[in-house]
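1. Pasting the sequence and the predicted model now:
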Amino acid sequence: MVRRRVIALAAAFAIATAAPTAFAEQRGGKEQQPKRSKQEQVEIDQLVKTVDGVMAGQPAPGDIQMSLHPYFLKSQEQRTFVPFVLEVTGAPATDAALYVRVVNPSAEPDPKTKRVEYPWDDIHFLTAAQVTSSNGRLSRVFMAPPGTYDVYIAMKERVPEKGPKPATGPKMGVLKTQVTVPDFWAGELMTSSIIVADKVNVLTAMPSPEEARERPFVFGAQELVPAADNDFGKDEQLATFFQVYNAALDPAGKPNLVLEYNFHRTEGGAEKFFNKTAPQEVNAGMLPPTFDPTKFPVPGGIEVPLKSFPEGQYRLEIKVTDKVSGKVVTRDVNFTVKAS
């Protein structure tokens, strides 16, 4: 049996039972935005106009290329919390502005205002240091009810308020992609996205609501750093985190779950069972007395050192069994182990 360390239960529950930062209470609408300077408002208007044009069929500027990697977690309201990693190529070496718009393609304009209400639109101003230190990976968030959406993200080089303006115009790029937000409120046994974490940082201070907009992977006093890819050296570990939703309750009003982690390795073009960890039991006997299943999800996750794993391709099968309802849900994580 594989040597592994289950994510410390106290830490896991601290992550799971904390709302996804104070940001979950914010709507992402313009009414929450701070007062902007004249130059900031000009740049906001430019980004909005550019995205309006792309929505209308105009070519998207391509100086900056972006790709979106979303994660889905249930919030305490009827909207899904969607933290995402934005991979950026060609980002400016200066201050930048980032605009996020989530569009329901089937939404009709309001008959009075003639305007379409977006489930989410938000603006972020980034310093040159933030752009550089991100190493091409920015974390942001949106929230939306279940459904399929067009997501537009625009990024542009900021124009200095004083001094010379760029001779060729600021660098800009627009990403359009489609995102399907799952329905965690249908009552079926489900899990959040599986977050494969590069590391978990313990915070000494909680981020402010404004900081939380830029750090959506903060849960309680823990901050998860999603892995850039699923390729690992033998001296690294595979760390996963997820949440379980809609578990049935036993007579004591608590869930009774078994979480299993089975590793499979691809050999000679065929997949074979490799190893497994001891099952995790989540029930009334080990849950905190204050755990309220109507408010908080059940956390899951493991940290597995990969030293004993031969180089190759693997699939981690995560199996969640609800012993009260008899329902089962499985999730897969594909990863590769390489020489260190």
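-> Looks like it came in fine.
2. what packs against the longest helix seen in the chain?
-> Taking DSSP state H as the assignment, the helix of the chain that covers the most residues is helix 38-55. Here helix 38-55 touches strand 96-103, strand 120-126, strand 147-157, strand 172-181, going by 3 or more CB pairs under 8 Å, 6 or more residues apart in numbering; DSSP states H and E. Quick note: C-beta positions are derived from backbone N, CA and C, even for glycine.
3. To Val218, which of the ones you listed lies closest?
-> Nearest of the helices and strands packed on helix 38-55 to Val218, taken as CB to CB: strand 120-126 at 16.1 Å.
4. Buried ones in the closest one, by neighbour count?
-> Using 16 or more other CB atoms under 10 Å as the test for burial, strand 120-126 gives Trp120, Asp121, Asp122, Ile123, His124, Leu126.
5. Find me whatever residue is spatially closest to the last one, sequence neighbours aside.
-> Residue nearest to Leu126 in three dimensions, not counting chain neighbours: Ala96, with 4.7 Å by CB to CB, 6 or more residues apart in numbering.
6. swap in the fifth one?
-> Ranked by CB to CB, 6+ apart and with sequence neighbours excluded, the top spatial neighbour of His124 is Leu98, at 4.3 Å.
7. per-residue confidence for the one you found?
-> Turning to Leu98, the model gives it a pLDDT of 97.
8. what residues are up against it?
-> Leu86, Ile123, His124, Phe125, Leu126, Leu138, Arg140, Ile153, Ala154, Met155 (CB atoms under 8 Å, 6 or more residues apart in numbering).
9. same thing with Thr50?
-> Thr50 touches Pro61, Ala154, Lys156, Met172, Val174, counting by CB under 8 Å, 6+ apart.
10. Swap in 10 Å and give it another go.
-> Gln58, Ala60, Pro61, Tyr99, Tyr152, Ala154, Lys156, Met172, Gly173, Val174 (CB atoms under 10 Å, 6 or more residues apart in numbering).
11. just checking, the third one touches Lys176?
-> What it means is Pro61. No. With contact defined as CB atoms under 10 Å, Pro61 does not count as touching Lys176 (11.9 Å).
12. which residues are common contacts for those two?
-> With CB under 10 Å, 6+ apart as the test, Pro61 and Lys176 both reach Val54, Ala154.
13. who wins for proximity to Val54 among the helices and strands packed on helix 38-55?
-> Closest among the helices and strands packed on helix 38-55, using CB to CB: strand 172-181, at 5.1 Å.
14. Give me the distance between Glu40 and Asp150.
-> According to CB to CB, to the nearest Å, Glu40 and Asp150 sit 26 Å apart.
15. Pick out whichever of those two has more residues nearby.
-> Neighbour count, other CB atoms under 10 Å: between Glu40 and Asp150, Glu40 has more, with 17 against 14.
16. And the strands in the stretch 201-340 of the chain?
-> 218-219, 222-226, 231-233, 237-245, 257-267, 270-276, 280-282, 298-300, 302-305, 312-322, 328-338 (DSSP state E, counting those that start in this stretch).
17. can those go into TSV with extra columns for mean neighbour count, mean pLDDT and distance to Leu189?
-> Listed next are the strands of the stretch 201-340 of the chain as TSV, based on neighbours: other CB atoms under 10 Å; pLDDT from 0 to 100; distance: least, CB to CB, whole Å:
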stretch	mean neighbour count	mean pLDDT	distance to Leu189
strand 218-219	25	88	21
strand 222-226	20	93	23
strand 231-233	15	97	29
strand 237-245	22	96	7
strand 257-267	18	97	9
strand 270-276	13	97	21
strand 280-282	19	95	13
strand 298-300	25	93	10
strand 302-305	19	94	20
strand 312-322	18	98	5
strand 328-338	15	98	5
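18. any idea how far Lys319 is from Val116?
-> 42 Å.
19. what's the answer for Thr336, then?
-> 43 Å.
20. All the helices of the stretch 1-150 of the chain, residue numbers only.
-> Assigned by DSSP state H, counting those that start in this stretch, the helices in the stretch 1-150 of the chain fall at 9-17, 38-55, 128-133.
21. gap between stretch 39-52 and the chain center?
-> Centroid separation for stretch 39-52 versus its chain: 26 Å, with CA atoms, centre = their mean, to the nearest Å.
22. need the contact list for Leu224.
-> Residues near Leu224 by CB under 10 Å, 6+ apart: 15, 71, 83, 139, 195-201, 216-218, 239, 241, 301.
23. Same check on Asp183?
-> By CB under 10 Å, 6+ apart, the neighbours of Asp183 are Lys74, Gln78, Thr80, Pro145, Pro146, Gly147, Met190.
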